[in-house]
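Trainee: Okay, structure incoming, though there's no sequence with it:
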């Protein structure tokens, strides 16, 4: 039986919080509460990355997912008013795909649990552990154009979402003229 170290206790506490918030996302009837629980889940997973010695992935998790993407999700949820949308039954093949993807995720979890040395997955082809500085240099030097193209595509998606949800002002005719609402 493994010893209960402080790191192990913290890991299992964070893992429990991640599982509870993930279930809350799935079981919540409110889209806003689901999104907020997802932010908590992303932040908890980021702390797990920090414990496992992957600070770059942890910081990326917080800034990209818990920060930018979830703020965008909440903005769209509030703008569209998804609380008023009727609930639909899932299509038959959706359940089959869901079960298939769930089994794949469980198989991956079992595979990761059975690996003897998980730190071997962090090693690059050259044999050294990837550092944040190396990732930054590659991202902003060698892969600058794809990085900028991706940010431009995301900007277009945000503008498109705003344009699609924008409501036109209605004109009401009054006896002496027209007034805009």
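Mentor: Cool, the structure landed. Just so you know, these numbers come straight off a predicted model, no measurement behind them.

Trainee: What is the neighbour count of residue 44?
Mentor: With neighbours defined by other C-beta atoms under 10 Å, the count for residue 44 comes to 21. The way it works is simple: take the backbone N, C-alpha and C, and place the C-beta from them, glycine included.

Trainee: pLDDT at it, what is it?
Mentor: Note for residue 44: predicted pLDDT of 91.

Trainee: hang on, isn't residue 37 packed against residue 19?
Mentor: No: counting by C-beta atoms under 8 Å, residue 37 does not reach residue 19; the two are 11.7 Å apart.

Trainee: neighbour count winner among the two?
Mentor: Comparing residue 37 with residue 19 by other C-beta under 10 Å, the one with more neighbours is residue 37, at 20 against 12.

Trainee: quick one: residue 94 from residue 155, how far?
Mentor: Taking C-beta to C-beta, to the nearest Å as the criterion, residue 94 is separated from residue 155 by 31 Å.

Trainee: again with residue 98
Mentor: Relative to residue 155, and taking C-beta to C-beta, residue 98 is found at 32 Å.

Trainee: what's the answer for residue 102, then?
Mentor: 34 Å.

Trainee: residues near the nearest residue to residue 79 once chain neighbours are set aside, how many?
Mentor: Using C-beta to C-beta, 6 or more residues apart in numbering and skipping residues adjacent in sequence, the residue nearest residue 79 is residue 165, 5.1 Å away. Each residue near residue 165 was counted by other C-beta under 10 Å, and the total is 12.

Trainee: shouldn't residue 165 be in contact with residue 80?
Mentor: Yes: using C-beta under 8 Å as the test, residue 165 is close enough to residue 80 to be in contact (5.9 Å).

Trainee: buried ones in stretch 4-15?
Mentor: residue 14 (16 or more other C-beta atoms under 10 Å).

Trainee: now do stretch 28-47
Mentor: 31, 34-47.

Trainee: Out of those, flag the one nearest to residue 9.
Mentor: residue 47 (13.4 Å; C-beta to C-beta).

Trainee: That closest one belongs to a helix?
Mentor: Yes: checked against DSSP: H, G, I helix; E, B strand; the rest coil, residue 47 lies within a helix.

Trainee: Surely it touches residue 14?
Mentor: Yes: with contact defined as C-beta under 8 Å, residue 47 counts as touching residue 14 (5.4 Å).

Trainee: Thanks again, I'm all set now.
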